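Q: here is a sequence with its predicted model. Questions after.
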Amino acid sequence: MAAEEGSVRVDVWIWSVRLVKTRSQATNACRAGHVRVNDVRVKPASVVRPGDEVRVRLDGRERIVVVQRIVRKRVGPPVARECLIDKSPPPPPREALIPIGLRERGAGRPTKRDRRELERLRRQSAAPDVG
């Protein structure tokens, strides 16, 4: 592949700046359509250049970053922070990540009251936040 000097494959770049743990995760995310460059779904071999906006959706969270520097090898966290501008929304609070409806082990079957309470909580969590 004869890429320009100021560009690199998108899967290599998102792995290099530590947005994903492994190169294969980066490639799989591109193939699954979870990576967008300038609001266009891209394949793993697509190139990124400085100034491009990269959106990566992983683990229920979207990371939005702007490419500052091109790196071809994995770099440490301090260097990785210099290679991008993070415009991602803040992560949800830890309380929001706790799954609803977990019961203690050995608590037995839920009673009718427990079941109604669980259904009420599920309806509340599924309703869009209006405000």
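A: Everything's here; your move.
Q: just the CA trace of the lengthiest helix in the chain, in CSV.
A: Longest helix in the chain by number of residues, with DSSP state H as the criterion: helix 112-126. Extracted C-alpha coordinates of helix 112-126, given in CSV (Å, rounded to 0.1, in the frame of the first residue of the first chain):
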residue,chain,number,x,y,z
LYS,A,112,-45.1,-11.0,42.9
ARG,A,113,-44.2,-7.7,44.7
ASP,A,114,-40.5,-8.1,43.7
ARG,A,115,-41.5,-8.8,40.1
ARG,A,116,-43.7,-5.7,39.9
GLU,A,117,-40.9,-3.6,41.4
LEU,A,118,-38.4,-4.9,38.8
GLU,A,119,-40.8,-4.2,36.0
ARG,A,120,-41.3,-0.7,37.3
LEU,A,121,-37.5,-0.1,37.4
ARG,A,122,-37.0,-1.5,33.9
ARG,A,123,-39.7,0.9,32.5
GLN,A,124,-38.0,3.9,34.2
SER,A,125,-34.6,3.0,32.9
ALA,A,126,-35.9,2.4,29.3
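Q: can you pull the pLDDT of the residue positioned nearest the centre of the chain?
A: With distances taken as CA atoms, centre = their mean, residue 58 lies nearest the centre of the chain, 3.0 Å away. With respect to pLDDT, residue 58 has a value of 88.
Q: for it, list each beta-bridge partner.
A: Note on residue 58: beta-bridge partners by DSSP bridges are residue 61.
Q: so in the protein, where's the weakest helix or strand by average pLDDT?
A: Ranked by mean pLDDT, DSSP states H and E, the weakest helix or strand in the chain is helix 94-97, scoring a mean of 62.
Q: picking that back up, correct me, but the residue nearest to the centre of the chain touches residue 30?
A: No. Counting by CB atoms under 8 Å, residue 58 stays clear of residue 30, with 11.5 Å between them. Glycine gets a C-beta too; all of them are placed from N, C-alpha and C.
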